[in-house]
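Chemist: can you look at this prediction? I've put the sequence above it.
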Amino acid sequence: MEGQNSVVNTPAHRPVTRRSKSYGRSCVEPPSLFWQTPGHLTTLGHRIPTSRRAAKSRNITTKVDPEQVALLIKNEWKLSYVTPLYRFRHTQLKLYSKHLAAFIVAEKQQGAAVEVGLEAGFKVTFSAVLGMAETEADAETVFIQVHSKPLFSADAPKVVWRGWLTCVNGDPEYLRSLPPDFISLPLFCSSGPEHLTALVKSWFERTFDCNFGSLYLNSTALYWLAALWTGCHPSSNIGYLKLAWNMPSQPPLDIAYTVNPQDAWELWNSIHTEDSTDDRINIEEVQRFMNGLEIHFFRHFKIYLSAGTLTKVSTALGSAHHDGKIKIGSSDYITTLLTLLTECALMKTPV
């Protein structure tokens, strides 16, 4: 799991553009708002898809190390977005491991809150998760672990923090528009103490001239996940569909709504017509599915869920919370989830 020197996907086929001081602050000229791609455009030129492919089960361990996959589905992850990294190289991961460890130790000596053990020493490992990239424009995922070990103890080092940066099915026109010295790994997932997360982000910002920001999931993203995961039920039992709403009442009311998976799928199947050649789901179908669930709830409890905010979606395949926390329950559908999250991260990334 140490840094690897093997050939990895660090895309380089981009137009040469003069770099300004900071990509996250001023960057290069903004891309055109009139790219010929389906969907709606944000003011930054990123595309908001109005349709996407249905989730399909894929045994990702045929192309990704099973041990690395197991690490991704083991924890709850806090999401952030990150602007493109300047002069990040996958071939330098061992060097980055040493530099980040030295940075954490130096910050601890200066009084930063790194209280993970009395007189603890630190070891950091960077590793490339080869095979996660879906297109030539995607850069390979990078996984980071911080280990702590008391200096005067025979105990084995303990992992105290994990994180990873990824890009799965990123918008190819945006990725190819980046200057050649920049690489985009817009989705950052972390698990561990907040003070270590802050130190890791600080080191990345100083080293690669990037910026981080919290990534929250809006209701539309959660609607998509509810529909995509429900559509998987015939091939992979989703176990349950749990939804949570926050209602704007006084005092505030939180509603937990659990739907039988077969009932959820039958509702979805009555709305979505599968096309064997290109099974795509459009946003209208997703909205009708959620409306159907809300109508059923109203019939029983006389509460309009549409007046509130959807805050969480969970099934046996995974869960997602609007405050930017996710759990990956099955590696078979990880590509679908990471594609949507990469899209959300790129929407937040300044250009």
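Modeler: Thanks, I have it.

Chemist: you'd agree A320 is in a strand?
Modeler: Yes: remark: A320 belongs to a strand, assigned using DSSP: H, G, I helix; E, B strand; the rest coil.

Chemist: residues contacting it?
Modeler: A320 is in contact with 217, 221-222, 225, 312-314, 326, 337, counting by C-beta atoms under 8 Å, 6 or more residues apart in numbering. Where C-beta positions appear, they are placed from N, C-alpha and C, glycine not excepted.

Chemist: tell me the buried residues within the residues you listed.
Modeler: Buried residues within the contacts of A320, counting neighbours by 16 or more other C-beta atoms under 10 Å: 217, 221-222, 225, 312-314, 326, 337.

Chemist: just the ones of the residues you listed in helices?
Modeler: Of the buried ones among the contacts of A320, the ones assigned to helices by DSSP state H are 221-222, 225, 337.

Chemist: next SSE downstream of the helix or strand containing I255?
Modeler: Using DSSP states H and E, the element containing I255 is strand 253-259. Using DSSP H and E, the helix or strand that follows strand 253-259 in sequence is helix 261-271.

Chemist: okay, buried residues for that next one please.
Modeler: For helix 261-271, using 16+ other C-beta under 10 Å, the buried residues are 261, 264-265, 267-268, 271.

Chemist: biggest separation within the ones in helices among the buried ones among the contacts of A320, which pair?
Modeler: Greatest spacing in these, by C-beta to C-beta: L222 and L337 (12.1 Å).

Chemist: for the host helix or strand of L346, packing partners?
Modeler: Assessed by DSSP H and E, L346 sits inside helix 334-348. If you count contacts as 3 or more C-beta pairs under 8 Å, 6 or more residues apart in numbering; DSSP states H and E, helix 334-348 packs onto strand 76-82, strand 187-191, helix 219-230, strand 325-328.

Chemist: dump the C-alpha coordinates for the helix or strand just after the third one into PDB.
Modeler: I take that to be helix 219-230. Following helix 219-230 in sequence order, the next helix or strand is strand 241-247 (DSSP H and E). What follows is strand 241-247, C-alpha atoms only, in PDB (Å, rounded to 0.1, in the frame of the first residue of the first chain):
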ATOM      1  CA  LEU A 241     -35.100   2.100   1.500                       C
ATOM      2  CA  LYS A 242     -34.800   4.600   4.400                       C
ATOM      3  CA  LEU A 243     -35.500   8.200   3.800                       C
ATOM      4  CA  ALA A 244     -35.200  11.100   6.300                       C
ATOM      5  CA  TRP A 245     -36.800  14.500   6.100                       C
ATOM      6  CA  ASN A 246     -36.500  17.700   8.100                       C
ATOM      7  CA  MET A 247     -39.800  19.600   8.300                       C
END
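
Chemist: average pLDDT for strand 241-247?
Modeler: For strand 241-247, the mean pLDDT works out to 97.

Chemist: what's the angle between it and helix 219-230?
Modeler: 160 degrees (axes from the mean of the first three to the mean of the last three C-alpha atoms, to 10 degrees).

Chemist: report the buried residues of strand 241-247.
Modeler: Of all the residues in strand 241-247, those buried under the rule 16+ other C-beta under 10 Å are 241, 243-245.

Chemist: again with stretch 343-351
Modeler: For stretch 343-351, burial by neighbour count (16+ other C-beta under 10 Å) applies to 343-349, 351.

Chemist: now the strands for the stretch 1-150 of the chain?
Modeler: Secondary structure of the stretch 1-150 of the chain (DSSP state E, counting those that start in this stretch): strands at 40-41, 47-48, 51-53, 76-82, 85-86, 120-129, 141-150.

Chemist: thanks a lot, catch you later.
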